[in-house]
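Engineer: Below are the sequence and a predicted model; questions follow.
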Amino acid sequence: MNNLAVQDKRRKAKGKDVFKRLGFAFCLLTFTFLTACGVRSDMQDQPRYKAYKKSEFFSDKRGSRDMVEGTIPRGQLRENKAFYTGKVDNPNPAAQAATTMDATGNTLVTSFPNAIDEFPIPVTKELVDRGQERYNIYCIVCHGPLGNGDGMIVRRGFSKPPTYNDDRLRNAPVGHFYDVISNGWGKMNGYAHVIQPADRWAIVAYIRALQVSQNPENALKTDTTKTGPGSAPPKSGDTPTGGKP
Ligand code: HEC
């Protein structure tokens, strides 16, 4: 055999080798592919709805169902009712707050059957200072620096809120102020989405300070003999956090 013939034979053998290797790789790929998409009968493949998908099964046609009543997100169990709502523990449903509307269209309330009368957290100088800061951010624009309802927005035409410095609101329980901040009142929007519970109490404490400052002779309603359900001391963990709900 001459040299050329030997080279040719070697080349052919090499070609066959490459083909063999390619074939093996192809088989391996096919195998992997089939295993990956093969029929699996585990939970991954059970019939299910994607979030917000339409459903023909439920009468309201919504695939996403409501939470079971009473569901509480982890870490959101708000056990201390006084602190989180400003209301007494066992409200009397028959004793609804009596409201009237004044000439300017403001809603006046004169009875507060379910509002707590005492702060559910200790009132400290820090709390009042924090309240002043928050008040100046969120409330002063309408209620004015002293709470007389003459803030800049009101001077420019917004409805005038009632003054904090009349007998009605001076004698209103703290729970009422907390409720107004949380849920709004008549023409005023609620601030629950921007002011956390501890800060709402701080603002209420500051409003009390404003009321005293504007009427130092007439003491506030301070009936120390009263010990309603709302006067229970706060549980640990309910102290002002300055941020966390
Ligand atoms: C955009 C203006 C505006 C802002 C800001 C505002 N209020 Fe008011 N507020 C009003 C108006 C108007 C009323 C009267 C609403 C009504 O009676 O219909 C009112 C009423 C009230 C009342 C009286 C409720 C009653 O029993 O008559 C309180 C207390 C109060 N606001 C607290 C606050 C506090 C605290 C803040 C800040 C967190 C705040 N408001 C922010 C406009 C505002």
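Structural biologist: Cool, got the structure.

Engineer: and whatever residue of the chain ends up closest to the ligand, how many residues sit next to it?
Structural biologist: With CB to the nearest ligand atom, the shortest gap between the chain and the ligand falls at G186, namely 2.0 Å. Glycine gets a C-beta too; all of them are placed from N, C-alpha and C. Neighbour count for G186, taken as other CB atoms under 10 Å: 15.

Engineer: who touches it in this structure?
Structural biologist: G105, N106, T107 (CB atoms under 8 Å, 6 or more residues apart in numbering).

Engineer: How about the secondary structure of the one residue sitting closest to the centre of the chain?
Structural biologist: By CA atoms, centre = their mean, the chain has its centre lying nearest to H193, at 5.8 Å. Recorded secondary structure, H193: coil (DSSP: H, G, I helix; E, B strand; the rest coil).

Engineer: picking that back up, please list which of the contacts of G186 are also close to the ligand.
Structural biologist: Checked against the ligand using CB under 6 Å from any ligand atom, the contacts of G186 yield the following neighbours: N106, T107.

Engineer: Let's have the contacts of G186 in a markdown table, adding secondary structure and pLDDT.
Structural biologist: Shown next, in a markdown table, are the contacts of G186 (DSSP: H, G, I helix; E, B strand; the rest coil; pLDDT from 0 to 100):
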| residue | secondary structure | pLDDT |
| --- | --- | --- |
| G105 | coil | 87 |
| N106 | coil | 89 |
| T107 | strand | 88 |
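
Engineer: From the contacts of G186, list just the buried residues.
Structural biologist: Those of these that meet the buried threshold are N106, by 16 or more other CB atoms under 10 Å.

Engineer: Please identify which of the contacts of G186 is nearest to L29.
Structural biologist: Each of these was scored against L29 by CB to CB, and T107 proved nearest at 74.1 Å.

Engineer: What separation do you get for the residue nearest to the closest one when sequence neighbours are not counted and P47?
Structural biologist: Computed as CB to CB, 6 or more residues apart in numbering, the closest residue to T107 that is not its neighbour in sequence is G186, at 3.8 Å. Look at G186 and P47: by CB to CB, to the nearest Å, they are 50 Å apart.

Engineer: got it, and F33?
Structural biologist: Distance check for F33 against P47: by CB to CB, it reads 25 Å.

Engineer: The two - which one has more neighbours?
Structural biologist: Relative neighbour count places F33 above the other of F33 and P47, with 10 against 4, counting by other CB under 10 Å.

Engineer: what pLDDT, on average, does the helix or strand encompassing that one get?
Structural biologist: F33 is part of helix 3-37 when elements are defined by DSSP states H and E. Averaging pLDDT along helix 3-37 gives 73.

Engineer: same deal with stretch 128-137?
Structural biologist: 98.

Engineer: Could you list the buried residues of stretch 44-54?
Structural biologist: By 16+ other CB under 10 Å, stretch 44-54 has no buried positions at all.

Engineer: Checking D117 next. Helix, strand or coil?
Structural biologist: Under three-state DSSP, D117 falls in the coil class.

Engineer: Name the nearest residue to it, sequence neighbours excluded.
Structural biologist: P173 (4.3 Å).

Engineer: For that neighbour, grab the count of nearby residues.
Structural biologist: What P173 shows, counting by other CB under 10 Å, is a neighbour count of 21.

Engineer: surely it meets F112?
Structural biologist: Yes. Counting by CB atoms under 8 Å, P173 does reach F112; the two are 5.1 Å apart.

Engineer: Let me see the backbone angles for A192.
Structural biologist: Note on A192: backbone dihedrals following degrees, to the nearest 10 are phi -60, psi -30.
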